[in-house]
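K.L.:
return atomic coordinates for the entry below.
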Amino acid sequence: MVRHVRSFAVTVLVMAVLGVLAGLAWSYAAPRAAMAVTEKGPVLADPSTQALIAADGWFAAITGGLGLLCGAAAWFRNRHEQLPVLAGLCAGGVLAAFLTFWVGSAVTIGVVTVEAAAPGLKVVPGSLELTARGVLVAWPLLAVALFGLLEGMHGYRDSALRKPYGI
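P.N.:
Residues are numbered from 1 along each chain as shown. Predicted coordinates for the structure are as follows:
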C-alpha cells in the first residue's frame, strides 16, 4: 500500500515540476497580442491578430509533447504498479496543465515586441492567456492515452487470450 501511494505521489510531483518548467517555456515561446491602452482599459490593438491562437497552439504543443513523454516514461518505469501510476498521470497531468497556465501567464520571459502602433494610443504587449480552454486537457489526456496504448499492446502479448483453446 505504501508503495502505491509513493508511486502516485512521485508521479504527481514530477509532473508538477515539469508543469512549472513548461510554463516558463510557454512564456518564452508564445507571442503576446498587442493591446491599446484606452480610457476604458486595454483592448486589442489589432482585432484580427493571430497571436491569441498562436499562444493556444504553443500551449497545446508544449503540454501535449510533455504528456506523451510522461506517459511513455511512466509506463517504462512502473509497468508493475499500473493503477497508482495511471491515477498519478491523470491527477498530475491536470495539476501540471494548470501550473503551466499559471506560471506562463504570471511570468514574462524573453523579448516581448509590439508590432502595432497608432497615433495617440499607447500600445503595450498583452498578458499571455488561453482563449481555447480545451487545450488544458492535452497533457493528462495524452499521458493517460499513451500509457493505456502501451499497456494494451504489451498486456495482450502476455495474455491468455493469445493461446488457442485446449492447449
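K.L.:
tell me, how many residues neighbour residue 125?
P.N.:
18 (other C-beta atoms under 10 Å). To be clear about C-beta, it is placed using only N, CA and C from the backbone, and glycine gets the same treatment.
K.L.:
ok, now which ones touch residue 137?
P.N.:
94, 97 (C-beta atoms under 8 Å, 6 or more residues apart in numbering).
K.L.:
residue 22 now?
P.N.:
Applying C-beta under 8 Å, 6+ apart, the residues contacting residue 22 are 62, 63, 66, 96, 99, 100, 103, 104.
K.L.:
residue 147 now?
P.N.:
Applying C-beta under 8 Å, 6+ apart, the residues contacting residue 147 are 71, 72, 74, 75, 85, 86, 89.
K.L.:
only the buried subset of those, as a ChimeraX command please.
P.N.:
A single ChimeraX command selects the buried members of the contacts of residue 147 (16 or more other C-beta atoms under 10 Å):
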select :71,74,75,85,86,89
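K.L.:
what two of the contacts of residue 147 are the furthest from one another?
P.N.:
72 and 86 (13.4 Å; C-beta to C-beta).
K.L.:
distance of the most centrally placed residue in the chain relative to residue 92?
P.N.:
Nearest to the mean C-alpha position of the chain, counting by C-alpha atoms, centre = their mean, stands residue 63 at 2.5 Å. Going from residue 63 to residue 92 by C-beta to C-beta, to the nearest Å gives 12 Å.
K.L.:
what number of residues lie near residue 25?
P.N.:
Residue 25: 21 neighbours (other C-beta under 10 Å).
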